[in-house]
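>>> what shape does this take:
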Amino acid sequence: MLRNIIGKIFGFSSDINHLENTIKILENEISEMDKLIDNLNKDIKTLKIELKEKETRLEEYLNNKRPKINKLYIRHETDDTYYIDIRDFYQIYDSNLPKVSGTTYDEIAYNCLMWVQDNIKYISDKKEYGYNEYWAYSYQTLKNRVGDCDDGSILLANMLLANGIPYYRVRLNAGTVKGGGHCYVSYCREYDNQFVVLDWCFYPNKLEIRNRKKHSEERNYINKERNYMVWFSWNLKYIFGTVKDPKKLDDKYSIEVSK
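From the prediction side, this is the model:
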């Protein structure tokens with residue numbers, strides 16, 4: 001009442017009414033925005049649940065598609081020579097592992113591969129460690145900045161996991177390629193959930209992840225006619241193959257590679 005009287009006396013009643021209407025409109029708009037935000041939050045929550053469920057199904061599929069084995073590999077230490085489980089070469093909690101940028105798994109994978117290609121120089125085990133065959137841990141390769149195929153690949157696999165890529169999307173592979181025995185990384189890309197080769201030293205390239213051929217289509221790696229194949233592969237938790245002797249590299253017991 002007092003406000004209306006004052007408004008009439010000073011001649012701004014219409015301004016007050018206009019302001020009140022504007023405030024009501026803004027309040028309604030804010031209310032609608034709040035509802036929209038609530039719905040978006042619900043959609044985001046639902047999407048996260050769906051993505052988690054899809055990743056869980058992918059993890060189960062990839063981990064159960066092939067037979068699991070035990071596989072040991074020779075390790076020369078200062079006190080003796082040991083046969084160790086090859087999963088021991090994953091050491092993903094090392095704070096020295098380089099960090100890279102990327103908003104998707106595929107971007108992270110690409111940047112990890114580029115880091116290894118740009119910073120690690122290929123050199124033979126004989127020249128660096130004095131053995132014909134020696135698999136270095138990541139911290140050794142990082143310190144020396146040199147290594148052969150397995151050394152750089154072990155480093156790359158650890159970098160992928162340390163930078164947030166799920167373990168089941170990353171595998172180390174040992175096998176025969178064009179040129180002889182080889183160790184390299186394969187990665188199940190986000191783009192289509194297909195494995196692609198990330199090789200830092202054998203025909204290295206800078207192709208974007210989505211533009212790479214599937215692992216099974218890489219003729220320098222998988223080619224039955226020329227006996228290029230995978231003997232065994234492994235991620236952080238499991239080893240895949242059909243090798244009967246855990247200490248033996250034997251391509252008679254190689255595994256098929258498709259997805």
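
>>> and the strands in the stretch 1-150 of the chain?
Secondary structure of the stretch 1-150 of the chain (DSSP state E, counting those that start in this stretch): strands at 72-76, 81-85, 121-122, 146-147.

>>> can you lay out those strands as TSV showing mean neighbour count?
From N, CA and C alone the C-beta is placed, and that goes for glycine too. Below are the strands of the stretch 1-150 of the chain laid out as TSV (neighbours: other Cβ atoms under 10 Å):
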stretch	mean neighbour count
strand 72-76	15
strand 81-85	12
strand 121-122	12
strand 146-147	23
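
>>> indicate which one of those strands is closest to residue 49.
Across the strands of the stretch 1-150 of the chain, residue 49 has its closest neighbour in strand 81-85 (35.0 Å, Cβ to Cβ).

>>> can you list the strands that that closest one pairs with?
Here strand 81-85 is paired, per DSSP bridges, with strand 72-76 (antiparallel).

>>> show me the one of the strands of the stretch 1-150 of the chain that comes nearest residue 34.
That would be strand 81-85 among the strands of the stretch 1-150 of the chain, by Cβ to Cβ, at 54.8 Å.

>>> so for that closest one, what's the average pLDDT?
Average pLDDT, strand 81-85: 93.

>>> hmm, who's touching it?
Here strand 81-85 makes contact (Cβ atoms under 8 Å, 6 or more residues apart in numbering) with 70-75, 246-247.

>>> likewise for stretch 54-69?
Residues from elsewhere that reach stretch 54-69 (Cβ under 8 Å, 6+ apart): 166, 168-169, 188, 193, 232, 235, 237-243, 246, 255, 259.

>>> the same query, at a cut-off of 7 Å, please.
Contacts to stretch 54-69, defined as Cβ atoms under 7 Å, 6 or more residues apart in numbering, come from residues 166, 168, 188, 193, 232, 238-243, 255.

>>> in helices, which of those fall?
Of the positions in the contacts of stretch 54-69, not one sits in helices, assigned by DSSP state H.

>>> let me have the strands of the stretch 1-150 of the chain in TSV, extended by distance to residue 25.
TSV is the format used below for these (distance: least, Cβ to Cβ, whole Å):
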stretch	distance to residue 25
strand 72-76	72
strand 81-85	68
strand 121-122	67
strand 146-147	67
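
>>> do you know which of the ones you listed lies nearest residue 201?
Evaluated with Cβ to Cβ, these place strand 121-122 nearest to residue 201, the distance being 4.9 Å.

>>> the closest one pairs with which strands, and in what direction?
Counting by DSSP bridges, strand 121-122 is paired with strand 146-147 (parallel).

>>> ok now the partner strand, how far from the chain's centre?
Counting by Cα atoms, centre = their mean, to the nearest Å, strand 146-147 is centred 22 Å from the centre of its parent chain.

>>> what's the answer for stretch 89-96, then?
Centroid displacement of stretch 89-96 relative to its chain, using Cα atoms, centre = their mean, is 14 Å.

>>> which of the contacts of strand 81-85 sits closest to residue 153?
Nearest to residue 153 among the contacts of strand 81-85, counting by Cβ to Cβ, is residue 73 at 13.3 Å.

>>> quick check, residue 151 in contact with residue 136.
Yes: using Cβ atoms under 7 Å, residue 151 is in contact with residue 136, at 4.3 Å.

>>> who's more crowded, these two?
In this view residue 151 and residue 136 are compared by other Cβ atoms under 10 Å, and residue 151 has more residues nearby, 29 against 22.

>>> how about that one, what does it touch?
So residue 151 contacts 135-136, 141 (Cβ under 7 Å, 6+ apart).

>>> looking at the residues you listed, which is nearest residue 225?
In terms of Cβ to Cβ, no member of the contacts of residue 151 lies closer to residue 225 than residue 135, at 29.5 Å.

>>> residue 179 and residue 240, how far apart?
Using Cβ to Cβ, to the nearest Å, residue 179 is found at 23 Å from residue 240.

>>> between those two, which is the more surrounded one?
residue 240 (21 against 11).

>>> and that one, what does it touch?
66-68, 232-234, 255.
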